[in-house]
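>>> How does the following fold in three dimensions:
(3 chains)
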Amino acid sequence: MKGFYVAPYLSILIFIVIGIGLVLFTFFLARLIRPSHPYPAKTINYECAELPIGDSWIQFNPRFYIFALIFVIFDVEAVFLFPWAVAFGQLGLYALIEMVIFILILFYGLYYAWKQGVLKWV
Amino acid sequence: MILISSVKVIVVVVAVLTGCAWSTWLERKVVGHMQHRMGPTFAGPYGLLQPIADFIKLIFKEDIVPSGVERVAYGLAPVLSFIPAMLVFAVVPFAADATLFGHEIKMVISDLNIGILFVFAVTSLGVYGLVMAGWSSGSKYSLLGSLRASAQMISYEVSYGLSIVGIVLIANTLSLRELVEMQGSDSIWFFSNWFVFKQPLGFLLYLTCAIAETNRLPFDMPEAESELVAGYHTEYSSMRFATFFVSEYANMLAVSAVGATLFFGGWQGPYLPSIVWFILKVFCFMFFYIWLRGTFPRFRYDQLMSFGWKVLFPLALLNVIVTAAFVMLD
Amino acid sequence: MDAPVSLVFWILSFIIIVSAFMVVSLKNIFHCALFLILCLFSVAGIYLLLNAEFLAAAQVLIYVGAVSILMIFAIMLTSQLASKRISQTNENKLVAFFVCLMFGLSTLVLIANTHVWRYSAQALPEANVLTIGKYLMTDFMLPFEVVSVLLLAAMIGAIVLARKETS
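Take a look at the predicted model:
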């Protein structure tokens, strides 16, 4: 019984190893045959052929962060939906009502964000 | 068992890479004809050898690593975007089970009980390649491109996951093999059990989210040549660039394969061998993607984000609840 | 436990411990985040070894695919953090070290002194996800609904804070 769920994941591990090996092999192959003549002007970061101005890590719109946060919340919701959906055939009306309540509570969060104008990208 | 798995893995990886290579040819050819051009014609008949020529060109290119990069993350990024894209094919069944030399061989690398969740989880890892590429390049275009890409991908990821829940509600399983078997039918109307007819809204949601997840037109904001040069892979060249390029096509093939499996019966179909049906269905999806690219202009970024959260996401939730109600009434 | 499985366990544990150490010791905060992701990902591997495949998928989806993205966004959006080298320790590091050492030692002593580990007598359910779904809807109904309220509170709290920042 031990390792009875693990067995199929062995093939996945093989897949990952072969995939990484393949990429590294092509990188290695390319290194053997390609030319390499770096000089300072060539290795400057691209900025429309001008000299880059300032640091590249500039301050970005914090809105990105709010979207990531909303995503985390609803990702958790989505993960809860999957076991519910699998078991739904064996459950009754109460399971549907429970899930509707669950979804509605979280949907209020989305509604709140909507009303507060957080979802608007300015 | 390890040997059989390894052989299967190598066959699938080679097949997917070949698929990626000729998808680039297909895309250039189809878009070319849509715009009254010929597309590639020079290398081989109908330009069929163009992908090989591209590969040779890229492998002979100098690999320019800008001085401002963060070496380790810069090197890891292409690998990290390539592996998740390929890994989806580890769980997609691509043909009916076959018997070879008295052994039964399952035509899927790994039949997981949680197949759909695996696809969903692996898709969510795709963001890291882009984030690391953008951060490590030390270029403003790359960073902005990768931020846009990741914000877009996470905005559509939840709806992407929810669009599949409807199918799970009907089928009560997460295993892709069982899902394909359920969609088979012996009658003349061989397509009657396809989930696309039971989940039309779910399918439309899946299709839209899949395009956004793979950063394709009309949702290709992260690359947006006209404003961001090339987005997160601006500073990449040679084989590293090629890896990003292949990952993009592998991602397209992956969402096509998953879409064909979930909504169009996977390898199920009459007369032709099952593998042919599977490839045919994936090809139709790919053609549709290319068609979209040839037809639609690019969305504006604010439209894209609010479309994802204000339209797709509520629709996906509605689809889940309505499907559950229908399943219960049945 | 058969040999290959326990080998994988040792490799995963090693990765988890090393990457966790890197998270608290590296100077570049983006690298810290990357090691945290590696650490969380390896924990998913441990779940797989325990035959908890749904938990492993949830771990990858939520912690690796979502929470870590949130952290990386926070780092990338704070321009002062991304490229600077920040020391993670201050003058209290010695005290902290000893507190952690004591805690670690006491845990080790506890583990070493436990001779009988109690396993659940129940057999592993054939359909992992199905069982979780059923329990979630019946025995653990109340916690399940409370989760949604908790998530709602987290979301509204974050939005209120963010709006205060911008206005």
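
>>> So which residues of chain B form helices?
Assigned by DSSP state H, the helices in chain B fall at B:2-34, B:50-59, B:71-87, B:115-137, B:140-171, B:176-182, B:195-198, B:200-213, B:225-228, B:238-263, B:274-295, B:301-307, B:313-329.

>>> now the ones you listed as CSV including mean pLDDT?
Formatted as CSV, the helices of chain B follow (pLDDT from 0 to 100):
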stretch, mean pLDDT
helix B:2-34, 88
helix B:50-59, 85
helix B:71-87, 88
helix B:115-137, 87
helix B:140-171, 86
helix B:176-182, 88
helix B:195-198, 87
helix B:200-213, 91
helix B:225-228, 63
helix B:238-263, 90
helix B:274-295, 90
helix B:301-307, 83
helix B:313-329, 91
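
>>> Geometric centre of chain C: which residue is closest?
C:Leu40 (5.3 Å; CA atoms, centre = their mean).

>>> circling back: so for chain C, which of the helices of chain B sits nearest?
The closest of those to chain C is helix B:115-137. By CB to the nearest CB, the value is 3.1 Å. Using the backbone N, CA and C atoms, a C-beta is placed for each residue, glycine as well.

>>> Run through the neighbouring helices and strands of the closest one.
Contacts defined by 3 or more CB pairs under 8 Å, 6 or more residues apart in numbering or on different chains; DSSP states H and E place helix B:115-137 against helix A:63-87, helix B:71-87, helix B:140-171, helix B:176-182, helix B:238-263, helix C:29-49, helix C:53-58, helix C:68-77.

>>> which one of these is the most hemmed in?
Across these, averaging neighbours per residue (mean count of other CB atoms under 10 Å in any protein chain shown) puts helix B:140-171 on top, at a mean of 26.

>>> quick one: low-confidence parts of chain A?
For chain A, applying pLDDT under 70 flags the ranges A:1-5, A:46-60, A:121-122.

>>> can you do 50?
Across chain A, residues meeting the criterion (pLDDT under 50) sit at A:1-3.

>>> in chain A, which helix has the most residues?
Chain A, longest helix under DSSP H: helix A:7-33.

>>> Buried residues, it. List them.
In terms of neighbour count (16 or more other CB atoms under 10 Å in any protein chain shown), helix A:7-33 has its buried residues at A:8-12, A:14-16, A:18-19, A:22-23, A:26-27, A:30.

>>> Output the contacting helices and strands for it.
With contacts taken as 3+ CB pairs under 8 Å, 6+ apart, helix A:7-33 sits against helix B:2-34, helix B:50-59, helix B:71-87, helix B:238-263.

>>> quick one: contacts for B:Val65?
Residues near B:Val65 by CB atoms under 8 Å, 6 or more residues apart in numbering or on different chains: A:38, A:43, B:71, B:74.

>>> related to what we said a few turns ago, which residues touch the residue nearest to the centre of chain C?
By CB under 8 Å, 6+ apart, the contact set of C:Leu40 is C:59, C:63-64, C:68.

>>> out of everything not next to it in sequence, what's closest to the residue in chain A positioned nearest to chain C?
Nearest residue of chain A to chain C: A:Ala87, at 2.9 Å (CB to the nearest CB). Spatial nearest neighbour of A:Ala87, excluding adjacent residues (CB to CB, 6 or more residues apart in numbering or on different chains): C:Gly133 at 2.9 Å.

>>> try C:Phe9
In this structure, C:Phe9 finds its nearest non-sequential neighbour in C:Leu49, 5.7 Å apart by CB to CB, 6+ apart.

>>> ok, now B:Gly39?
Once flanking residues are discounted, B:Gly39 sits nearest to B:Gly32: 2.9 Å by CB to CB, 6+ apart.

>>> B:Pro297 versus that neighbour, what's the distance?
Distance, B:Gly32 to B:Pro297, using CB to CB, to the nearest Å: 18 Å.

>>> between the two, who's got more neighbours?
Higher neighbour count among B:Gly32 and B:Pro297: B:Gly32, with 16 against 7, using other CB atoms under 10 Å in any protein chain shown.

>>> so the more buried one sits right up against B:Gly47, yeah?
No. The pair B:Gly32 / B:Gly47 is not scored as a contact, 9.2 Å apart, by CB atoms under 8 Å.

>>> tell me, what's touching these two both at once?
Common neighbours of B:Gly32 and B:Gly47 (criterion: CB under 8 Å, 6+ apart): B:39-40.

>>> which parts of the one helix or strand C:Leu110 maps to are buried?
Using DSSP states H and E, the element containing C:Leu110 is helix C:93-113. Across helix C:93-113, burial judged by 16+ other CB under 10 Å covers no residue at all.

>>> what's the answer for stretch C:125-140, then?
Using 16+ other CB under 10 Å as the test for burial, stretch C:125-140 gives C:128-134, C:136-137.

>>> which among the residues you listed gets closest to A:Glu77?
Nearest to A:Glu77 among the buried residues of stretch C:125-140 is C:Leu136, at 12.8 Å by CB to CB.

>>> Contact partners for the closest one?
So C:Leu136 contacts A:80, A:83-84, A:87, C:144 (CB under 8 Å, 6+ apart).

>>> With A:Gly109 instead?
A:Gly109 is in contact with A:70, A:73, C:151-152, C:155-156, counting by CB under 8 Å, 6+ apart.

>>> got the residues you listed as JSON lines, with distance to B:Ser192 columns?
Putting these into JSON lines (distance: CB to CB, whole Å) gives the following:
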{"residue": "A:Ile70", "distance to B:Ser192": "39"}
{"residue": "A:Ile73", "distance to B:Ser192": "39"}
{"residue": "C:Leu151", "distance to B:Ser192": "40"}
{"residue": "C:Leu152", "distance to B:Ser192": "42"}
{"residue": "C:Met155", "distance to B:Ser192": "43"}
{"residue": "C:Ile156", "distance to B:Ser192": "46"}
